[in-house]
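Chemist: Structure for this input, please:
(chains A and B)
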Amino acid sequence: MSAVVAPKSRFGGLSGGNAKAVIERGLRATMSNNYLIILSGFFEPVFYLFSMGVGLGAIIGNINVNGAEIPYGAYIAPALLAVSAMNGAIYDSTWNVFFKLNFGKLYQTMLLTSLGPLDVAVGEITLALLRGGVYAVGFLIVMQAMGLVLSPLAILAIPAVLLIAAGFASIGMAFTSYMKTFQQMDWLPMVMLPMFLFSATFYPITVYPEGIQFMIQSFPLWHGVELIRMFTTGVVTPMIWVHLAYYAVMLCVGVVVVSRRLRKLFLD
Amino acid sequence: MLVSNQVIRAENLTKVYGDFIAVNNISFEVPRGESFGLLGPNGAGKSTTMKMIAAVSTRSSGNLEVLGMDPNTEGPAIRSQLGVVPQEDNLDQELRVRENLIAYGRFFGMPRAEASKRADELLEFAQLTDRVKSKVEPLSGGMKRRLTIARSLMNDPQMLLLDEPTTGLDPQARHILWDRLFRLKERGTTLVLTTHYMDEAEQLSDRIIVVDKGEIMAEGSPAQLIRQYSSKEVLEVRYGSDNNAKVAKKIADVGERMEILPDRILIYSDNGERDLAEITKRGHHPTTSLVRRSSLEDVFLRLTGRTLVE
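Modeler: Predicted structure coming up:
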């Protein structure tokens, strides 16, 4: 008889209940190939922190956050932390997934086994989230060393970062599942760059008219920046629930879209 | 519970992509342990049928049962018992040779130790023991193919699906592979294969269906099909491309059936030598002649035509 136990049918054949094998494969592939690329993503926000936080911070002085005066470096550091979580998650869930989807044919291979599309989606999103998490922890250590962590609540920034990474990873993968060419992938920086620059990263959004503020608030990074900033500065407001809910919804929508797309792409 | 002996049961199976009918209302059954061949020209619907059996494509209508389960809803459970060798090698480029097998075993939920042990056995089987730590990309076509086949056996499948398994292999590699497949068959593994090579189909299949344009054209064992759709022997005579048609008219009554090709005339008959003697007696000495046994290729060409399908 077969060496393999047939998995129970879950979610109408969408899952084999073995996402961990997908994660394990991803870690192994990363170890044996591109761990140097991983480092590069970590340094980007660190450089921003040094140049803006230290350089500009000397000129700008303090910034008012919900009534509390905090130094400029401590203002932008949590924003950059959120950005680093976003970068890690987006890199893994877009370019990496794009190659596996269109060139490596990895997902076709996985779906010849007892894995289902949901296992693949959850596994790949978790991998992206792990990368975002690793960047974030590293960045938090840098922040601590520079004296930019103002509250012990900052420890909660770690789970918050994982949530942010998960949200971006699932949406990133959902986006990539529709992309067929490199030209289409070029739309990504068109969204990422303005979001990075304008989401209360370097200054409060109150400088904008209300209409533009509302637009920025509809994008995910702003919620991530505000959420992390609450924890590292210790100034927590009830808005926290809105931020958390935003990411929870983002994650669920992403996972549902991704498994539907994988089903359509490979099991149709 | 009634235990069925049929590992595949397809009933009016249909697959439609937009306006295109890839598989049109086909019905067939495959009993456990059989070696079953799916033959047809490019675009006949072979691969689509294979995909539906492998539970990686959902049918548009009709019924399909694989190992007693419905592929539309029990994909993971069916696939856990299947080995699949896809048409193009889709090995994991980011992992090395041995890791490719182990990771694949892990996808089936095999414990790591067991997957490692099985991987080593299969690397031996695929004659890749000296390339264990190699990357996948620099392997030769034959090696990649062997690795893909080894990979398909990681879960010790009840049924092995092979989509043109020996395309691109040299004769040595093909014969090694046939030998291995025959051993699996002896152990009771059901084999389902598509192929363009008629000798391969004759070697490996107990039973064949010929499909064209999504429909079944013929069904039977290789010997039955030859008996039914061709003759015992084929006489091939050549008179030069300008003369073939002219001569053909004069010898039209010889043999059971005649086919005039640009370069030669094929005479289907139960006794090629006798017919050759008859033609020569009439004074039509061919430049070259050949009497051979009728093959599955003759059946295939008769059923699906000689027009190039793109």
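Chemist: Please make it C-alpha for all contacts and neighbour counts, starting now.
Modeler: Fine.
Chemist: how about stretch A:223-237: buried residues?
Modeler: Within stretch A:223-237, the residues that qualify as buried are A:223-234, A:236, counting by 16 or more other C-alpha atoms under 10 Å in any protein chain shown.
Chemist: Output the residues you listed in CSV; the columns should cover pLDDT, secondary structure and distance to chain B.
Modeler: Listed next are the buried residues of stretch A:223-237 as CSV, based on pLDDT from 0 to 100; DSSP: H, G, I helix; E, B strand; the rest coil; distance: C-alpha to the nearest C-alpha, whole Å:
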residue, pLDDT, secondary structure, distance to chain B
A:His223, 96, helix, 35
A:Gly224, 96, helix, 33
A:Val225, 96, helix, 34
A:Glu226, 95, helix, 38
A:Leu227, 96, helix, 36
A:Ile228, 95, helix, 35
A:Arg229, 94, helix, 38
A:Met230, 94, helix, 40
A:Phe231, 94, helix, 38
A:Thr232, 93, helix, 38
A:Thr233, 92, helix, 42
A:Gly234, 90, coil, 43
A:Val236, 90, coil, 43
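Chemist: Of those residues, which is the nearest to A:Ala6?
Modeler: A:Gly224 (41.0 Å; C-alpha to C-alpha).
Chemist: The residue of the stretch 101-250 of chain A found nearest chain B: what secondary structure?
Modeler: Per C-alpha to the nearest C-alpha, the residue of the stretch 101-250 of chain A with the smallest distance to chain B is A:Ser114, at 4.0 Å. Of the three states, A:Ser114 takes coil under DSSP: H, G, I helix; E, B strand; the rest coil.
Chemist: My read is that it contacts A:Ala19, right?
Modeler: No: A:Ser114 lies out of contact with A:Ala19 (C-alpha atoms under 8 Å); the separation is 10.7 Å.
Chemist: which parts of the strand or helix carrying B:Lys249 are buried?
Modeler: Assessed by DSSP states H and E, B:Lys249 sits inside helix B:244-250. Buried residues in helix B:244-250, counted by 16+ other C-alpha under 10 Å: B:Asn244, B:Ala245, B:Val247, B:Ala248.
Chemist: Now do the contacts for the second one.
Modeler: Put plainly, it is B:Ala245. Counting by C-alpha atoms under 8 Å, 6 or more residues apart in numbering or on different chains, B:Ala245 touches B:Ile260.
Chemist: And for the first one?
Modeler: Each residue near B:Asn244 by C-alpha under 8 Å, 6+ apart is listed here: B:Arg238, B:Ile260, B:Leu261, B:Pro262, B:Asp263, B:Arg264, B:Ile265.
Chemist: and A:Thr30, what does it touch?
Modeler: Here A:Thr30 is in contact with no residue (C-alpha under 8 Å, 6+ apart).
Chemist: Please determine how far it is located from A:Leu39.
Modeler: Per C-alpha to C-alpha, to the nearest Å, A:Thr30 is found 12 Å from A:Leu39.
Chemist: and B:Gly142, how far is that from chain A?
Modeler: 19 Å (C-alpha to the nearest C-alpha, to the nearest Å).
Chemist: Can you tell me the closest non-neighbouring residue to that residue?
Modeler: B:Leu169 (5.4 Å; C-alpha to C-alpha, 6 or more residues apart in numbering or on different chains).
Chemist: who touches the one you found in this structure?
Modeler: B:Gly141, B:Gly142, B:Arg145.
Chemist: Can you flag which of those belong to strands?
Modeler: Nothing among these maps onto strands, per DSSP state E.
Chemist: Now tabulate the residues you listed in JSON lines and tack on pLDDT.
Modeler: What follows is these, written out as JSON lines (pLDDT from 0 to 100):
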{"residue": "B:Gly141", "pLDDT": "82"}
{"residue": "B:Gly142", "pLDDT": "82"}
{"residue": "B:Arg145", "pLDDT": "86"}
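Chemist: Can you show me the strands along chain A?
Modeler: Ranges of strands within chain A are A:62-65, A:68-71, based on DSSP E.
Chemist: quick revisit: by contact count, what packs against the following helix or strand past the helix holding B:Lys249?
Modeler: On the C-terminal side of helix B:244-250, the closest following helix or strand by DSSP H and E is strand B:257-260. With contacts taken as 3 or more C-alpha pairs under 8 Å, 6 or more residues apart in numbering or on different chains; DSSP states H and E, strand B:257-260 sits against helix B:244-250, strand B:265-269.
Chemist: any idea whether the closest residue to chain A within the stretch 151-300 of chain B is helix, strand or coil?
Modeler: Relative to chain A, the nearest point of the stretch 151-300 of chain B is B:Asp156 (5.2 Å; C-alpha to the nearest C-alpha). Following three-state DSSP, the label given to B:Asp156 is coil.
Chemist: Hmm, A:Val4 and it touching each other?
Modeler: Yes: B:Asp156 is within contact range of A:Val4, at 7.4 Å (criterion: C-alpha under 8 Å).
Chemist: overlap in contacts of these two?
Modeler: Overlap of the contact sets of B:Asp156 and A:Val4 (by C-alpha under 8 Å, 6+ apart) consists of B:Gln81.
Chemist: still on that earlier bit, count the neighbours of the closest residue to the residue of the stretch 101-250 of chain A closest to chain B other than its chain neighbours for me.
Modeler: With sequence-adjacent residues excluded and distances taken as C-alpha to C-alpha, 6+ apart, A:Ser114 is closest to B:Pro76, at 4.0 Å. Counted with other C-alpha atoms under 10 Å in any protein chain shown, the neighbours of B:Pro76 add up to 32.
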